[in-house]
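>>> Here is a sequence together with a model predicted from it:
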Amino acid sequence: MALTRTDLANKALSKLMEEGGSGQSPAAEDTAKADSAIDGMFELLSETNVYTVADDQDIPLAAFDSLALYLAGLIGTDFGKSEMEGQQRCDLAEKKLIRLTAGRPTREPLAVDYF
C-alpha cells in the first residue's frame with residue numbers, strides 16, 4: 001500500500017488532535033491547510049540534507065510517522081499549539097529522520113582527482 005501526501009496530512013492532523021481525543025476524521029479545510037505545508041516541508045528537509053522524499057504519492061513507511069510528526073510541528077500554531085511544542089515535535093522528528101539515513105551509502109560515483 002502506497003502512502004500518499006493526503007495520508008501524511010491526515011496523520012499529522014491526528015497527531016495534533018490526539019490530546020483532544022475527538023476521534024473524528026479531520027475536516028476538509030484542515031486537511032487542505034496541512035497539505036499546503038507539505039511541499040515546503042519536503043523542500044526544507046531536502047535542502048538541509050535531513051531527508052528527501054522522491055515521490056509524494058509513495059512515501060516510505062519507515063519515514064512516514066516522522067514526517068507526519070514534523071508536519072504536525074510545522075502547522076501546530078494554526079491549530080492552537082504553542083511554537084515551543086511545535087519546535088519540539090520538529091526536533092524529535094528530525095532526529096528520527098537523520099537516524100534513518102545515517103550511514104546509508106549514497107551510491108554516488110567517487111570523484112577521482114588525477115595528478
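Yep, it's here.

>>> Tell me who's in contact with the residue positioned nearest the centre of the chain.
Centroid-nearest residue in the chain: residue 67, 2.2 Å away (criterion: C-alpha atoms, centre = their mean). Residue 67 makes contacts with 8, 41, 45, 51, 53, 59, 93, 97, as judged by C-beta atoms under 8 Å, 6 or more residues apart in numbering. Heads up, the C-betas are built off the backbone N, CA and C, glycines and all.

>>> I'd like those residues written out as CSV, with neighbour count added.
Below are the contacts of residue 67 laid out as CSV (neighbours: other C-beta atoms under 10 Å):
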residue, neighbour count
8, 25
41, 22
45, 20
51, 21
53, 18
59, 22
93, 26
97, 20
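
>>> Of the residues you listed, just say which sits nearest to residue 28.
Of all the contacts of residue 67, residue 8 has the smallest distance to residue 28: 15.7 Å, by C-beta to C-beta.

>>> For the closest one, give me its contacts.
If you count contacts by C-beta under 8 Å, 6+ apart, then residue 8 has 34, 38, 56, 59, 64, 67, 68, 71 around it.
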